[in-house]
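Quick one, what's the 3D model for this:
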Amino acid sequence: MKSVPQKTVWKDYETMCIAAAHCFVAACHQAIAKNGKFVVALSGGNTPEKLYELLASPAFSTNIPWKKVFLFWSDERFVIHTSPESNYNMAKKSLLDHIDIPPKNVFPVPVTGDPEQCARQYEATIKKFFNNTQAAFDWLLLGTGDDGHTASLFPHTPALIENRRLIKQVWLKEKQAWRITFTYPLINKAKQIIVLVSGKEKKPVVNAVFNKPAKKIYPVQYVNAERSLWIIDKATLG
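As a prediction, this is how the structure comes out:
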């Protein structure tokens, strides 16, 4: 029997994001009590934006010791940080601009110059942060597309078979664009992986993950199921 992730199902997108925000706060306090810090990898796309707004709101933010929180990104589009396409920019506008987090605690993906050099630079930054021990994020946020991609691990791209590098550059031919992404070796070592999924267009992917775990047809199915919690809305179940 192949492993199936845990999941919680919520009535709609907003309720789902509130649940994820509570999950963030609980994990934050647990990690800080144990290790004195909470090391997080954020995701991009549209789905987590409401979650970030909630975390920035007084109802949640007052319960988060931001000076002990460290933020990274599980993937990034290879555009300047002020671009509307930038995952960092979305998080900045919805979260970072509204909280009292030290700038030194925030680690955007480098996006100037050569994509491969930027990927290697980000990998070096992460290794240094973890003192060259095995990098294991306390809370790693992912989503999935209707094509089953997660982070920037897209179907039929070489990054899917990367087993040594922690960070990899990805060329998306159909988008004619570069991305930089965490690879499975880094994702699957996280202590807790949260997969936040909303919308009926994701139903085939969610169905594959929970009803056909032995048949791996989507990149998100290679995420460590034993460390994953899927927080989803009812629309994803059809």
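
Please list all residues in contact with residue 49.
90, 94 (CB atoms under 8 Å, 6 or more residues apart in numbering). C-betas here are computed from N, CA, C, even on glycine.

From residue 74, how far off is it?
15 Å (CB to CB, to the nearest Å).

now residue 51
14 Å.

So for those two, which residues contact both of them?
By CB under 8 Å, 6+ apart, residue 51 and residue 74 have these common neighbours: residue 141.

tally of neighbours for residue 28?
23 (other CB atoms under 10 Å).

How about the one 10 residues further on?
When neighbours are counted by other CB under 10 Å, residue 38 registers 26.

ok, what's across the strand from it?
In this entry, residue 38 is beta-bridged to residue 69, by DSSP bridges.

List the contacts of it.
Counted by CB under 8 Å, 6+ apart, residue 38 has contacts 27, 28, 31, 32, 68, 69, 70, 138, 139.

Kindly recompute the last result at 6 Å.
28, 31, 32, 69, 138 (CB atoms under 6 Å, 6 or more residues apart in numbering).

Point out the ones among these that are inside helices.
Among the contacts of residue 38, the members falling in helices (DSSP state H) are 28, 31, 32.

The second one against residue 138, yeah?
Spelled out, that is residue 31. Yes. In terms of CB atoms under 6 Å, residue 31 counts as a neighbour of residue 138; the distance is 4.3 Å.

How about residue 215: what's its closest non-neighbour residue?
Spatially, and ignoring its direct neighbours in sequence, residue 215 is nearest to residue 208 (6.9 Å; CB to CB, 6 or more residues apart in numbering).
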